[in-house]
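S.K.: give me the fold of what follows.
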Amino acid sequence: MPGQNEGADAHHPGVRHEESPRHRPLASPLLDPTAGPGGPAAGPVTGAVTALSACGTLTEPELLLCPTCSTPLTDSAHRNRGLTGDLGRSDGGTGREGNGTGREGEGSDRTADSSDRLLAALRASESRFRAAFCDAVIGMALIDAEDRIIEVNPAFAALIGRGVGELVRTHLHEIIDPEGMPDRLFSELVRGERERFRVEKQLKHRAGHTVWSKVTVSLIRDGAGDPLYTLALVEDITEQRRLGDRLEYQALHDPLTRLPNRAYFFERLDAACLAPVERPGPAAAERRVGVCYLDLDGFAAINEALGHHIGDQLLIAVATRLRRGFDGRDTHLVARMGGDEFAVLVTDSAGSEQLTELAARILEVLERPFDVAGHRLVITASVGVVERSVHETTPTDLVKDADSTLYWSKADGRARWTLYDPDRGAHQLTRQLLATSLRPALERGEFTIEYQPLVGLADGTVHGAEALVRWRHPRYGTLSPDRFIPLAEETGAIVPLGTWVLEESCRQARQWLTEFPETETFVSVNLAARQIWDSDIVADVARALERAGLPARLLQLEITESALLGPGGRPLQALQSLADMGVRIAIDDFGTGYSNLAYLSRLPVHVLKLDGTFIEGFREPAPTDRPGRPGLGSRRSDADEQIVGAMVQLAHTLGLTVTAEGIENAAQAERLRLTGCDTAQGWYFARPGEAELVAAILREGRPALNGR
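M.R.: Model (predicted):
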């Protein structure tokens, strides 16, 4: 029986025979694809060992293949292996049939037992693989070289809403969207240059929706190590993707208004600024970007008066109007930057005119009243506008300048838009640099004090001197107080700076007293309201007087009328304690603040310093020196003279003295003297200078008058 003899020899452990192309081996004991329905191995095979498919994908029996050569295993081939071996030789091959048959029978039995164990192991391995393949919760599919499915498990079929049987021989692209597949990686896998790769892909569900999946594609090789099939493991990650999308949305959107937040705004702005690099060309070189940065005016008052829940609903209403009016276009983005601040980004600006028109429309949209929880609310907004070429800016600088421009708009009166001005921006930058270097400059000794004499109008002698601090800045030169005192008050640096000025002025006044004891020249030091609130000014003054050895009567403290007469009792208590010590108290810039005359009589005040605006009308000669009908300027001069005269009389009635500032000529000095004004200061008498200037005047006994 040649056929049986060939089968027995072929499955001997030491024998290999030529493999049939349709019986190429699998790396795992999977069903040979050629044995499927209609395959070439579906025909009858005598005595073939078969097993039914555990997944139900085939209707024909399965062939168990030899792990060595992939030839179908048959019961007769294994059961009669010893006999077929004898039949393969000539009947006369041995003269000792009994003995030879006995030994050969014994060897055949051992071979048959080994083959049975091998067959049982193959069946057990096949059964285990079938159980793992079919019961796996992850989808699995075996794919041939033509991208057609050979076999799938129920998990894969359920993932896309189809049956197992209908997926066999289905082309892979009917299920998985081919767009975005990593062609290079897939080609390397098919050629055997890569063992596996992983990718996230969208699967097409029968119901029409998309199923996101994580697909791991692995290579299966044949016995010779050549690529044979691919195995796809498919895991449903749709819920993970949805969760990730929700988290990404929450990370990039404001939870209250549902508008894009600051992070999303900067993402879009970064993309707009990087666009010319990604898209080079003449058009990209001219690409411009603009921002309208807006803040609601008086929103804090609404929160305080009506509650934060009403404020939140108002923000939602504002966001809705902005979204409907200015969002929805590819080049426009409305975002909430935080609090009551919003921004409109224009990623393809046509120029500053477009941005200013947009800002005007924003103000118009927000001017209409809002009906919020039974309240009819009317609000306004301030808008800062910045527009420039992307080559001239960075996202950080653009937003910084827009924020600065917004606050310019508020400072200019609110309910308006303001376009960024580079000169004003440079000034603001200088202010910021000065503000941050105030305290270090004080430590480095960059401040100095100049003194301007206070001259008695009746006798022309120096009664005292006002201390005026100067900043010898290494970069900007000498800075007058109006350049840095407001910054010092904003930052709190006025407290250490004021303490230094106080101590240095007391020390200088003591030197004058030592040199000119008969004059008793006092020193006048400006006192900021924040010095009273943020420090123990009474203790500071007492310490400065004690260290300098200066009598309290030779120190005068000037405080503005608005700070002195404003709300709160602490300034009055502190000034009363200072007055009780013997320190002179002067109200600076009198006539520009509250001017509560009834309150004035109860203040611990000794001197009124008239604001310079009242002195401007005194520059012309006295009315008696002007013959004819007086003009408008003359009438104003007459009015100023009457006002100053009334204030002088009032002050004298209250036991106060009056000092005038800004005297520039002899006519002013004479007219002020005629009103009864006590002392004056200005360039007519002397410009501010070093302490030696005051000492020189004291030595001469009269002020060195300019122009005389």
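S.K.: mind listing what the closest residue to residue 327 other than its chain neighbours touches?
M.R.: Nearest non-adjacent residue to residue 327, counting by CB to CB, 6 or more residues apart in numbering: residue 334, 4.4 Å away. Glycine gets a C-beta too; all of them are placed from N, C-alpha and C. Contacts here follow CB atoms under 8 Å, 6 or more residues apart in numbering; on that basis residue 334 touches 259-260, 319, 322-323, 326-327, 342-345.
S.K.: what about those residues, which are in helices?
M.R.: Members of the contacts of residue 334 lying in helices (criterion: DSSP state H): 319, 322-323, 326.
S.K.: so residue 481 touches residue 469, yeah?
M.R.: Yes: if you go by CB atoms under 8 Å, residue 481 and residue 469 touch, sitting 5.8 Å apart.
S.K.: so these two - more neighbours on which side?
M.R.: Per other CB atoms under 10 Å, whichever of residue 481 and residue 469 has more neighbours is residue 469, with 22 against 14.
S.K.: name the element that one belongs to?
M.R.: Following DSSP states H and E, the helix or strand that holds residue 469 is strand 462-473.
S.K.: list the neighbouring strands of that strand plus their orientation.
M.R.: Paired strands of strand 462-473, with direction, are strand 447-456 (antiparallel), strand 477-479 (antiparallel), strand 522-526 (parallel) (DSSP bridges).
S.K.: pull the CA atoms of that strand into CSV?
M.R.: Output of strand 462-473 as CSV, limited to C-alpha atoms (Å, rounded to 0.1, in the frame of the first residue of the first chain):
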residue,chain,number,x,y,z
VAL,A,462,13.3,132.8,55.6
HIS,A,463,11.0,131.1,58.2
GLY,A,464,11.6,127.5,57.1
ALA,A,465,12.2,125.2,54.1
GLU,A,466,10.2,122.5,52.5
ALA,A,467,12.0,119.1,52.0
LEU,A,468,11.6,117.8,48.5
VAL,A,469,13.0,114.4,47.8
ARG,A,470,14.8,113.6,44.5
TRP,A,471,15.8,110.3,42.9
ARG,A,472,19.2,110.3,41.2
HIS,A,473,18.4,107.5,38.9
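S.K.: model confidence score at the closest residue to residue 316 other than its chain neighbours, please.
M.R.: Closest residue in space to residue 316, ignoring its immediate chain neighbours: residue 257 at 5.6 Å, by CB to CB, 6+ apart. Predicted confidence (pLDDT) at residue 257: the value is 94.
S.K.: the one 5 residues further on now?
M.R.: As predicted, residue 262 sits at a pLDDT of 94.
S.K.: could you report the neighbour count for it?
M.R.: Residues contacting residue 262 under the criterion other CB under 10 Å number 16.
S.K.: same question, residue 384
M.R.: Residue 384: 25 surrounding residues under other CB under 10 Å.
S.K.: state the mean pLDDT of the host helix or strand of it.
M.R.: Under the criterion of DSSP H and E, residue 384 resides in strand 380-389. Across strand 380-389, pLDDT averages out at 94.
S.K.: next SSE after it?
M.R.: Of the helices and strands lying after strand 380-389 in sequence (DSSP H and E), the nearest is helix 395-411.
S.K.: report the secondary structure state of residue 122.
M.R.: Secondary structure assignment for residue 122 (DSSP: H, G, I helix; E, B strand; the rest coil): helix.
S.K.: tally of neighbours for it?
M.R.: Neighbourhood size, residue 122 [other CB under 10 Å]: 18.
S.K.: got it, and the one 4 residues further on?
M.R.: Around residue 126 there are 19 other residues, counting by other CB under 10 Å.
S.K.: same question, the one 10 residues further on
M.R.: Here the number of neighbours of residue 136 (other CB under 10 Å) works out to 14.
S.K.: so who does it touch?
M.R.: Neighbouring residues of residue 136 by CB under 8 Å, 6+ apart: 153, 155.
S.K.: okay, it and residue 528: tell me how far apart.
M.R.: Residue 136 sits 79 Å away from residue 528, taking CB to CB, to the nearest Å as the criterion.
S.K.: in stretch 476-484, which residues are buried?
M.R.: By 16 or more other CB atoms under 10 Å, the buried positions in stretch 476-484 come out as 479, 483-484.
S.K.: same check, this time on stretch 464-472
M.R.: So for stretch 464-472, counting by 16+ other CB under 10 Å, buried means 464-471.
S.K.: mind putting those in JSON lines, distance to residue 544 included?
M.R.: Listed next are these as JSON lines, based on distance: CB to CB, whole Å:
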{"residue": "464", "distance to residue 544": "17"}
{"residue": "465", "distance to residue 544": "16"}
{"residue": "466", "distance to residue 544": "17"}
{"residue": "467", "distance to residue 544": "12"}
{"residue": "468", "distance to residue 544": "17"}
{"residue": "469", "distance to residue 544": "15"}
{"residue": "470", "distance to residue 544": "20"}
{"residue": "471", "distance to residue 544": "21"}
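S.K.: of those residues, closest to residue 219?
M.R.: Using CB to CB, residue 471 is the member of the buried residues of stretch 464-472 that lies nearest residue 219, at 77.0 Å.
S.K.: pLDDT at the closest residue to that closest one other than its chain neighbours, what is it?
M.R.: Of all residues not flanking residue 471 in the chain, residue 479 sits nearest, at 4.2 Å (CB to CB, 6+ apart). You'll see residue 479 listed with a pLDDT of 92.
S.K.: I'd like to know how far residue 479 sits from residue 224.
M.R.: To residue 224, residue 479 is 89 Å away according to CB to CB.
S.K.: where does pLDDT dip in the stretch 351-500 of the chain?
M.R.: Counting by pLDDT under 70, not a single residue of the stretch 351-500 of the chain qualifies.
S.K.: where does this protein have its least confident helix or strand?
M.R.: Ranking every helix and strand in the chain by mean pLDDT, DSSP states H and E puts strand 50-51 at the bottom, with a mean of 34.
S.K.: packing partners of the host helix or strand of residue 646?
M.R.: Assigning secondary structure by DSSP H and E places residue 646 in helix 632-653. Applying 3 or more CB pairs under 8 Å, 6 or more residues apart in numbering; DSSP states H and E, we find helix 632-653 packed against strand 607-610, strand 657-660, helix 666-675.
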